[in-house]
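Visitor: Have a look at this fold, sequence not included:
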């Protein structure tokens, strides 16, 4: 009987309901952000790169080019710690800021840190053309928002 049971288990196709499959993690739902993204602006451009989710993190970096020189840069990390996502930003030599996930649905994710100066929210959305990033919040008592409309980089 043990031989028949062993043969039966070995003959099951991979992905069978009887074989445990790893659950999709929240960070894997952000795989659409993976790649190189570009926004051309008058007098310059912004480039943003994201590595695919792996090991519970996505690593990103961006640079702003004006007049042929890098004028700003940022290192970013999205991490999954015990099922909770957080976005960590390190812009142009400033102290790092962490924004816990507020909402994750379909092709959009919102991170929020109400105690941060500006921005308080970072939002990414997949679009038909590529991806939009938005930072928003209050600055000097006034609501403010900045959109970054990205298309895939041309190589």
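Guide: On my side now, so go ahead. Predicted model only: the values in this text are computed from it and were never measured. Numbers count the residues shown, from 1 in each chain.

Visitor: so where's the longest strand in this protein?
Guide: strand 69-81 (DSSP state E).

Visitor: after it comes which helix or strand?
Guide: On the C-terminal side of strand 69-81, the nearest following helix or strand under DSSP states H and E is strand 84-91.

Visitor: which parts of the following helix or strand past that following strand are buried?
Guide: Note on strand 84-91: by DSSP H and E, the next helix or strand toward the C-terminus is strand 97-105. Of the residues in strand 97-105, 97, 99, 101 count as buried by neighbour count, 16 or more other CB atoms under 10 Å. C-beta coordinates here come from the backbone N, C-alpha and C atoms, glycine included.

Visitor: Could you single out the nearest of those to residue 147?
Guide: Nearest to residue 147 among the buried residues of strand 97-105, counting by CB to CB, is residue 99 at 17.2 Å.

Visitor: Can you show me the strands along the chain?
Guide: Going by DSSP E, the chain shows strands at 35-41, 44-50, 57-66, 69-81, 84-91, 97-105, 108-112, 121-126, 131-139, 142-152.

Visitor: Turn those strands into TSV, columns for mean pLDDT and distance to residue 26.
Guide: Output for the strands of the chain, formatted as TSV (pLDDT from 0 to 100; distance: least, CB to CB, whole Å):
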stretch	mean pLDDT	distance to residue 26
strand 35-41	96	19
strand 44-50	97	16
strand 57-66	98	11
strand 69-81	95	6
strand 84-91	96	5
strand 97-105	96	6
strand 108-112	97	9
strand 121-126	98	14
strand 131-139	97	18
strand 142-152	97	22
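
Visitor: I'm done for today, thanks for sticking with me.
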